[in-house]
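Participant: got a predicted structure plus its sequence, pasted below:
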Amino acid sequence: MYQGAIPSPVAAVAGPVGVIVIPTAFILGYNLWAANRKLAAASQSLIAAEHNVEEEKRASHAARRTAANAQRHQEESEWAAASAAEAHQRAEGARLAVEHCLFEGVRPKCHPSEEDMIQMKARYHYRPDFFHLTVVGSSGGRKSSFINAVLDLSNNDPITAPTGIVETTDVVTRYTDLHPDSQMTFPVRAL
């Protein structure tokens, strides 16, 4: 139940020309209209604020995504730089190893056993009183031509080491010096 004074159906407003009588319903309608306008303006402000909040959320999400992408790209760049540095170190180590081999000479990777040595000496008729010279090299390295030159043989002699533009000596072959006072033999092998 309403506990206050009952509003009068009219209101009197004092103005410069006198008292104006305005019905209370008109005043209440005006107040309702003004309140509705304020409410609409507040609603519009609320909608604009919610829109701004959503835009800020989208911008914040995009900024976090951009920051995460930048972090990932930075990590990938750091990983690539570290990989390149490792590859450079490996290449530098390989270069130094090659230079060391060139300066120090290439040492054999395996050493033949005593039994291997005895078998090879028997296969190639090794004699301690002879000088044995072994010529090795890559295919087409003119090893046979070298042997023929040392033995003083021309390419037309039937006992020369075969020569050609392709690999012609693919097994170890023994060549003996034909001079009667010579004590040299020449095993030749293409690598």
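Facilitator: Sure, I can see it.

Participant: now the strands for this structure?
Facilitator: Assigned by DSSP state E, the chain shows strands spanning 10-15, 18-23, 131-132, 135-137, 173-176, 184-190.

Participant: contacts only, for the spatially most central residue of the chain.
Facilitator: Residue closest to the mean C-alpha point of the chain, counted by C-alpha atoms, centre = their mean, is A80 at 5.6 Å. If a contact means C-beta atoms under 8 Å, 6 or more residues apart in numbering, then A80 has no contacts. Yep, even glycine has a C-beta here, placed from its N, CA and C like the rest.

Participant: so what pLDDT did it get?
Facilitator: At A80, the pLDDT value in this model is 92.

Participant: now it: how far from H73?
Facilitator: From A80 over to H73 the distance is 10 Å, taken as C-beta to C-beta, to the nearest Å.

Participant: what does H61 give?
Facilitator: H61 is 19 Å from H73, by C-beta to C-beta.

Participant: next one: G140
Facilitator: With distances defined as C-beta to C-beta, the gap from G140 to H73 amounts to 52 Å.

Participant: swap in R174?
Facilitator: Using C-beta to C-beta, R174 is found at 67 Å from H73.
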